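# I need the structure of the sequence given here:
(chains A and B)
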Amino acid sequence: MSSVRVLVGTRKGAFILRSDGTRKSWDVEGPLFGGWEIYHLKGSPADPQRLYASQSTSWFGQLIQRSDDGGATWNPVGNDFAYDGVPGTHQWYDGTPHPWEFARVWHLEPSLDDPDTVYAGVEDAALFRSSDAGQSWCEVSGLRRHTTGPNWQPGAGGMCLHAIMLSRAHPQRMVVAISAAGAFRTDDAGVTWRPINRGLRSEGLPDVDAEVGHCVHKIAAHPSAPDVLFMQKHWDVMRSDNAGDSWREVSGNLPSDFGFVIDVHAHEPDTVYVLPITSDSQHFPPEGKLRVYRSRTGGDEWEPLTRGLPQSNCYVDVLRDAMAVDSLDACGVYFGTTGGQVYVSADEGESWDAIVRDLPAVMSVEVQTLA
Amino acid sequence: MSSSTVRVVLPAHLKTVAGVAGEVVVHLEVPVTAATVLDVLEATYPALRGTIRDPATQRRRPFVRFFALSEDVSHQPLDEPLPADIALGTQPFYIVGAMAGG
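Got it, this is the predicted structure:
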């Protein structure tokens, strides 16, 4: 029988939640790396037993942990993220030049077909690659060396590269997102990059249609439709039908088009999930109601999904990497909150249950569907 | 050249990372400095690389402090000799996480 393994990163450690395919009864393991911030952990699609975790604190810096046995044991691997060459400067919040400085790894994206290859998105924004299972890291420096690099600026959480999308249909293509620079794409395996932000509008910029400077919060796509990208921007939910060459807004009837997460149903490329947040300063759901919104039309038309979720006095946030879907027949949808709840829907979002309610603030949720 | 045995006390989180309990002992040549202690410590416990010193600059991390004989030696040059009691192993060299909560 199939089973699922949910990998949860929190402000104070990692947790692994396991269930069979019914997703009704859960074993909770953790905290792993207690006391450390776990920005993200993720399993290899090529070998589900291979997991990578980003572990950091302000005190002791960055560690990368690797498990070769599905999370039963972990070992620290390489943590030297040295920028290629002289790093130079980007813009600080006030527009002045600021040296590029490594702070932490926000996101780990294992290769689709090689468990020893993994990408890391870091703050200050850069993309790194390891081809020896995390022992050593080399910058994919063509991205940061883009001519717009000196104009990139941090979002509220820092200048982080937080989203990395690989494509089985286009092995040379990668899409990444940086707050607050925008989305970028390579079609030659990382040698050259170009901004893919046409159609994005951000009121906080002197030029609302600028080539870079947009605070992209998350991008998602269905594997069978790799050219169709869905984006939750700082404000606005966006869609591209040409791999990011141009975007159009699909916020439609959402109660707020601010938010962090976005994900696509495992079996329906036009079914998309978002979780609206009130505003850029009020990081909690509108009206104190925790509502996932689902579109079955690829955007524009959205329906609230509320059964099992608190519909009063709820003021948690759901951070950008804290939503995931499994690939069981009835697609499971998962998200974690800054209040420490991890919710699961085993019926495509129709109803929700809390797997756990009292974890530290959840920073990331990933799920592995196991045979 | 003579050698020395230095006792080092790690903060709790780094004991976990290094997989040790209690004090650790490092053997090194004299003169004993914070830099040579850290060099041998990181060579003995590679998982500690980057956790005490920034890997790019080799500077002490801002939230890490070094104590010797109840004195804060965080701000003295890393290549300055540590007190004799540290070099002789009669007193431990403390690596401490800053008292900053969180």
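# Stretch A:83-101 - what's its average pLDDT?
Throughout stretch A:83-101, pLDDT has a mean value of 93.
# mind listing what's buried in that stretch?
Of all the residues in stretch A:83-101, those buried under the rule 16 or more other C-beta atoms under 10 Å in any protein chain shown are A:83, A:87, A:90-91, A:98, A:100. C-betas here are computed from N, CA, C, even on glycine.
# wait, which of these is closest to chain B?
Closest approach to chain B among those (C-beta to the nearest C-beta): A:Tyr83, at 8.0 Å.
# and residue 12, how many neighbours?
Going with chain A. 19 (other C-beta atoms under 10 Å in any protein chain shown).
# I was thinking of chain B, sorry if that wasn't clear
9.
# Now do the phi/psi pair for it.
When read as degrees, to the nearest 10, the backbone of B:Ala12 gives phi -50, psi -40.
# For A:Leu205, see how far away it is.
Separation of B:Ala12 from A:Leu205 (C-beta to C-beta, to the nearest Å): 45 Å.
# Same question for A:Ala120.
Distance from A:Ala120 to A:Leu205, by C-beta to C-beta: 28 Å.
# more neighbours, these two?
A count of neighbours by other C-beta under 10 Å puts A:Ala120 above the other of A:Ala120 and A:Leu205, at 27 against 16.
# Strands of chain B, residue ranges please.
Taking DSSP state E as the criterion, chain B carries its strands at B:3-9, B:24-29, B:64-68, B:71-72, B:93-97.
# any idea which of these is most buried?
Across those, averaging neighbours per residue (mean count of other C-beta atoms under 10 Å in any protein chain shown) puts strand B:93-97 on top, at a mean of 21.
# Can I get it as CSV, trimmed to CA atoms?
Output in CSV follows, covering the C-alpha atoms of strand B:93-97 (Å, rounded to 0.1, in the frame of the first residue of the first chain):
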residue,chain,number,x,y,z
PHE,B,93,39.2,27.2,26.3
TYR,B,94,35.6,28.1,26.1
ILE,B,95,33.7,28.6,22.9
VAL,B,96,30.4,30.2,23.8
GLY,B,97,27.2,31.1,22.0
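# Which strands and helices lie in contact with it?
Packing partners of strand B:93-97 (3 or more C-beta pairs under 8 Å, 6 or more residues apart in numbering or on different chains; DSSP states H and E): strand B:3-9, strand B:64-68.
# of the ones you listed, which approaches chain A most closely?
Ranking these by proximity to chain A (C-beta to the nearest C-beta) places strand B:64-68 first, at 6.6 Å.
# what's near enough to touch B:Val20?
By C-beta atoms under 8 Å, 6 or more residues apart in numbering or on different chains, the contact list for B:Val20 reads B:10, B:45.
# if I look at it, how far off is chain A?
To chain A, B:Val20 is 13 Å away according to C-beta to the nearest C-beta, to the nearest Å.
# gap between that residue and A:Asp113?
To A:Asp113, B:Val20 is 38 Å away according to C-beta to C-beta.
# Redo the helices and strands packed on strand B:93-97 as TSV? Include mean pLDDT and distance to chain A.
Shown next, in TSV, are those (pLDDT from 0 to 100; distance: least, C-beta to the nearest C-beta, whole Å):
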stretch	mean pLDDT	distance to chain A
strand B:3-9	96	15
strand B:64-68	96	7
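# quick one, which of the ones you listed is nearest to B:Asp54?
Among the helices and strands packed on strand B:93-97, the nearest to B:Asp54 by C-beta to C-beta is strand B:64-68 (9.9 Å).
# Measure how the closest one sits relative to strand B:93-97, angle-wise.
Put simply, strand B:64-68 runs at 150 degrees to strand B:93-97, going by axes from the mean of the first three to the mean of the last three C-alpha atoms, to 10 degrees.
# Strand B:64-68 pairs with which strands?
Strand pairing for strand B:64-68, determined by DSSP bridges: strand B:71-72 (antiparallel), strand B:93-97 (antiparallel).
# Close to chain B: what parts of chain A are there?
A:35-36, A:57-63, A:76, A:79-82, A:102 (C-beta under 8 Å from any C-beta of the partner chain).
# cutoff 10 Å now
Residues of chain A lying close to chain B by C-beta under 10 Å from any C-beta of the partner chain are A:11-12, A:33-37, A:55-63, A:65, A:75-83, A:87, A:101-102.
# from these, which would you call buried?
By 16+ other C-beta under 10 Å, those give A:11-12, A:33, A:35-37, A:55-57, A:59-63, A:65, A:76-79, A:81, A:83, A:87, A:102 as buried.
# can you tell me how far B:Phe63 sits from chain A?
4 Å.
# quick one: contacts for that residue?
By C-beta atoms under 10 Å, 6 or more residues apart in numbering or on different chains, B:Phe63 lies in contact with A:57-61, B:96-100, B:102.
# in the stretch 251-371 of chain A, which spans are strands?
A:258-264, A:272-277, A:292-295, A:303-305, A:323-325, A:333-336, A:342-345, A:353-356, A:362-370 (DSSP state E, counting those that start in this stretch).
# and stretch A:187-196, which residues are buried?
For stretch A:187-196, by 16+ other C-beta under 10 Å, it's A:190, A:193-196.
# My error: substitute stretch A:267-275 in the last question.
Buried residues in stretch A:267-275, counted by 16+ other C-beta under 10 Å: A:269, A:271-275.
# which of those sit farthest apart?
Once C-beta to C-beta is applied, these give A:Pro269 and A:Leu275 as the farthest pair, at 19.8 Å.
# quick one: which of the buried residues of stretch A:83-101 is nearest B:Val37?
Distances from B:Val37 to the buried residues of stretch A:83-101, taken by C-beta to C-beta, are shortest for A:Tyr83, at 28.1 Å.
# Tell me which helix or strand that closest one sits in.
If you go by DSSP states H and E, A:Tyr83 is not part of any helix or strand.
# That one contacts A:His90, doesn't it?
No: judged on C-beta atoms under 10 Å, A:Tyr83 makes no contact with A:His90 at a distance of 11.5 Å.
# list the residues that contact both of these two?
A:100-101, A:124, A:144.
# Provide a complete list of residue ranges assigned to helices in the chain.
Using chain A here. With DSSP state H, there are no helices along chain A.
# To clarify, I was referring to chain B.
Taking DSSP H as the criterion, chain B carries its helices at B:12-18, B:34-44, B:84-87.
# neighbours of B:Asp79, just the number please.
A total of 10 residues lie near B:Asp79 under the criterion other C-beta under 10 Å.
# residues contacting A:Tyr93?
A:Tyr93 neighbours (C-beta under 10 Å, 6+ apart): A:153-156, A:159, A:180.
# swap the cut-off to 7 Å and go again
A:153-154 (C-beta atoms under 7 Å, 6 or more residues apart in numbering or on different chains).
# With A:Cys331 instead?
A:265-267, A:325, A:348.
# closest to chain B among the residues you listed?
Lowest distance from chain B to those (C-beta to the nearest C-beta) belongs to A:Val325, with 32.6 Å.
# List the residues that contact that closest one.
Neighbouring residues of A:Val325 by C-beta under 7 Å, 6+ apart: A:263, A:265-266, A:331-333, A:367.
# rerun at 8 Å
A:263-266, A:273, A:331-334, A:367.
# How about A:Tyr293?
A:254, A:273-276, A:302-305.
# That one bridge partners, please.
A:Val274, A:Pro304.
# How much space separates it from chain B?
For A:Tyr293 relative to chain B (C-beta to the nearest C-beta), the value is 34 Å.
# tell me the pLDDT at that residue?
Looking at A:Tyr293, its pLDDT stands at 98.
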